[in-house]
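Chemist: only geometry, no sequence info:
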């Protein structure tokens, strides 16, 4: 059986479709004031990532976003460009970008940390430089460890 594609494998490699990228960023939410706006934005991005074969893990707490997404190099480049174009007030700060062998997440995972004692203890223990939750004060390794800790168990929410 012969399969023909519109792109030769050499062209595919030229654009990086064979390379998986893992990128993590942090941002402060200053644009989406209401829960309805945030919900609409999350649904929009869930569909966009699904259509472009990108998986994601997102933690939202106290107005901060910490998101890790994984996909092919061209898909991640396009997604980052789209985030910068459509959400200019968020201004993502990239804390890690690397090539990976396989994806770590499945689908579009979202966890909203609340002010509950359990979430606060978890955030302060794993993700704080003191008594305040602020991802801008953390090292990239701490942020990656935090995401892994949040989403390694079955208690993570699937949007």
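Modeler: Arrived safely, thanks for sending. These figures come from a predicted structure and were not determined experimentally. Residues are numbered from 1 along each chain as shown.

Chemist: from here on, contacts and neighbour counts on C-alpha atoms
Modeler: Noted.

Chemist: Please spell out the segments of the protein that come in under the pLDDT threshold.
Modeler: 1-15, 30-34, 88-89, 115-132, 153-159 (pLDDT under 70).

Chemist: all helices for it, in order.
Modeler: 9-15, 35-51, 73-86, 117-127, 140-151 (DSSP state H).

Chemist: Format the ones you listed as TSV; extra columns: mean neighbour count and distance to residue 65.
Modeler: Putting these into TSV (neighbours: other CA atoms under 10 Å; distance: least, CA to CA, whole Å) gives the following:
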stretch	mean neighbour count	distance to residue 65
helix 9-15	11	29
helix 35-51	13	11
helix 73-86	15	13
helix 117-127	16	13
helix 140-151	17	11
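
Chemist: wouldn't residue 25 be in contact with residue 93 here?
Modeler: Yes - between residue 25 and residue 93 there is a contact at 5.2 Å, judged by CA atoms under 8 Å.

Chemist: which one of the two has more residues nearby?
Modeler: Of the pair residue 25 and residue 93, residue 25 is the one with more neighbours under other CA atoms under 10 Å, namely 21 against 13.

Chemist: now that one, nearest residue through space, not along the chain?
Modeler: Once flanking residues are discounted, residue 25 sits nearest to residue 94: 4.2 Å by CA to CA, 6 or more residues apart in numbering.

Chemist: Next, count neighbours for that neighbour.
Modeler: 16.

Chemist: quick revisit: residue 57 is nearest to which of the helices of the chain?
Modeler: Closest approach to residue 57 among the helices of the chain is made by helix 140-151 (7.5 Å; CA to CA).

Chemist: Quick one: distance of that closest one to the chain centre.
Modeler: 12 Å (CA atoms, centre = their mean, to the nearest Å).

Chemist: Test my guess that residue 65 contacts residue 27.
Modeler: Yes - using CA under 8 Å, residue 65 makes contact with residue 27 at a distance of 5.1 Å.
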